[in-house]
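Colleague: Need a 3D model of the following:
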Amino acid sequence: MRRTIKLFSSIWGHGNFRGNIWGGVVLFSAAPLAAGNFYKYADDDLADIRSLSRYTHIHTTLNHHRLNASNLLTMAIQYPYVWIFCGFASLGAFLYGFDGVYFNGVSTLDVFIRHFGEKNAEGQYAISPSTLSVMTSMINVGELVGSLGAAPLNDYLGRKGVFLVGTAAVILGVVLQLVTSSNRDLITAGRAILGFGVGNFSATSPLYMGEIAPESMRSPLLMCWQLTLSVSQIIAAGINRGMVDIDTTFAYRFPIGFQLLFPALILSGIWFVPESPRWLIRRGRREAAENSLRRLNRDDKTYDPAPAVAEMEVALNEELEVQAQGGWMQLITDPVERRKVIYSAGALVAQQINGIQWFYYFGTVFSKAIGLQDPFLMTLIVFIIQVFVVLAAVLLANRIPRRPLLMVTTGIMTVSIFVVGCLGIPGGEPSQVIGKVIISFVIIEIVAFNFAWGPLGWTIASEMAVGRNRNKIYAVAVACFWVTVWVTVFTLPYLYYSANLGPKTGFVYTGLCFVTWAYVYFCVGEVTGRTIEEIDGFFRDGIPAKKWKNQPRKHIAASTAHSEHKKILDVSSEDQGEKGTGEHRVSEQ
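Modeller: Presented below is the predicted three-dimensional model:
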């Protein structure tokens, strides 16, 4: 611990970094060097953390980046269509990220306030806090309904069907907002309908990406959801900046109408995107599932979809055998399904309760304390840093174990939030010096979040939603996400201003960070390279998450003569019996 403090002190005390907001980035980069000094968990976890420290050592980081980038390039060449189709699905993240930024800017424009506000006692136009709160948060209501509604829609319409429903909702919601220049009710209704579409995409896109991606590529592909979201935030911030000096309805209609670009792209590409083969198997459409797999592997002329289809059918048959009754209640009454819900929903809830929304929300407040007159500058810096950090996370997705990564980054975030809380103890507006220190820890927090929780939250939630209730589990997880976001954002102004906590709000989120840490310790397992069916088996067998990485690999063996005789063969087992008259073929890794 003394070495850790000495390392941080030497970096912070360096003349080039003292009082510099970029010092935060350097501090975060150095933090993993001392990861082993922070955390004293079980032997396996400590070994993983030390492994993480090796991977992130400053002297070797660039080599690992090149190595893993090369691996990703190789996989992209091997599975080009998988990347294209997952990129298409991640367009839903554009809608989520874009709206979260653009409306905050539009609602502060003078022309928007004149058109949708009312004159106050001083004769000036203003939008009351309650009205603005309803207009802003109504999209969260739509997102909640849309994410829950995506479960039955996914069951009956498939992933592509939900994409079309979500696209229609987005178009309708945007058009309702475009046709008015004074009716607040239309803006509010339009945002609610738009939110329904965004909820459809957020509950379906990661699900689809996880189902079509090969096991070795699933993590980086799912992380592209967060990368796309980050890019959309930069675009929205740039558009907001360009509208500041415009005093016509174009200032708010252009960013609203810009959202139509995404459904246009979706409608133009949906006809070329294959349906999820797992959904097709559940609907009894084996031939269509094989065609879907061929399209995903169309560059490999020797590809045979039969083994993959057989594995999916075995998993489906096992689910049907143990399924006494279906429906939503099973998520509560069945201990196995309940555990899946906790693991899946917990990932997205933990992602939001660690204080990240607080840092985003009040970043501009702290930036003013250090003399930055243009809040846009701080916002743009944050979003640019965010994109590069998420990109690094994608490149290193399969190289850094998840448990130690999340433990280390959660620890960094906990310290950052606690320090900010301590700096707020004197009360009043933060001084310029304190403001600089706070901004440094804001940068540390945001970098840590986007290197781990930002992309991994969605990845883990998608991977933990497995089995016969996959659609329902993930829908509940995303619904919990939207509820958590709404509660967090709704309570922020009260805690900061009404309760007069100011920066001391950090103490509230320090406590919640320990909840996040507990989730990682008990619920996060290593599943990189595992099939969805293997993960489902971990839940059925009641294996603790900590022990998942040590479980033997399992493969599917199917009779080539009789498809009804199939079973899972454990590669570590010997003398497996055969069923049917044909030979069983076991693939090796």
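Colleague: burial measure for residue 478, as a count.
Modeller: A total of 32 residues lie near residue 478 under the criterion other C-beta atoms under 10 Å. All C-beta spots, glycine's among them, are computed from the backbone N, C-alpha and C.
Colleague: helices and strands around the helix or strand hosting residue 86, which ones?
Modeller: Assigned by DSSP states H and E, residue 86 belongs to helix 80-89. Contacts defined by 3 or more C-beta pairs under 8 Å, 6 or more residues apart in numbering; DSSP states H and E place helix 80-89 against helix 184-212, helix 218-243, helix 261-269, helix 286-296.
Colleague: buried residues in the second one?
Modeller: The neighbour-count criterion (16 or more other C-beta atoms under 10 Å) identifies 218-237, 239-240, 243 as the buried residues of helix 218-243.
Colleague: show me what contacts the spatially closest residue to residue 303 that is not a sequence neighbour?
Modeller: Spatial nearest neighbour of residue 303, excluding adjacent residues (C-beta to C-beta, 6 or more residues apart in numbering): residue 297 at 4.2 Å. By C-beta atoms under 8 Å, 6 or more residues apart in numbering, the contact set of residue 297 is 79, 81, 303, 305.
Colleague: among these, who's most crowded?
Modeller: With neighbours taken as other C-beta under 10 Å, the top of the contacts of residue 297 is residue 79, carrying 23 neighbours.
Colleague: Spell out for me which residue occupies the centre of the protein.
Modeller: Nearest to the geometric centre of the chain sits residue 458, at 3.3 Å (C-alpha atoms, centre = their mean).
Colleague: which strands and helices sit next to the helix or strand that one falls within?
Modeller: Per DSSP H and E, residue 458 falls inside helix 453-464. Contacting helix 453-464 under the criterion 3+ C-beta pairs under 8 Å, 6+ apart are the following elements: helix 184-212, helix 218-243, helix 335-352, helix 375-395, helix 402-423, helix 470-493, helix 532-540.
Colleague: okay, those, which one's buried deepest?
Modeller: Mean neighbours per residue, mean count of other C-beta atoms under 10 Å, is largest over the helices and strands packed on helix 453-464 for helix 184-212, with a mean of 26.
Colleague: And that helix, how far out from the chain middle?
Modeller: 15 Å (C-alpha atoms, centre = their mean, to the nearest Å).
Colleague: tell me the angle of it relative to helix 80-89?
Modeller: Using axes from the mean of the first three to the mean of the last three C-alpha atoms, to 10 degrees, the inter-axis angle of helix 184-212 relative to helix 80-89 is 160 degrees.
Colleague: now helix 184-212: mean pLDDT?
Modeller: Along helix 184-212, the predicted confidence averages to a pLDDT of 92.
Colleague: Tell me which other helices or strands that helix touches.
Modeller: Going by 3+ C-beta pairs under 8 Å, 6+ apart, helix 184-212 lies up against helix 80-89, helix 91-106, helix 129-178, helix 218-243, helix 277-282, helix 453-464, helix 470-493.
Colleague: Could you tell me the angle between the fourth one and helix 91-106?
Modeller: The one in question is helix 218-243. Using the same axes, to 10 degrees: helix 218-243 against helix 91-106 is 30 degrees.
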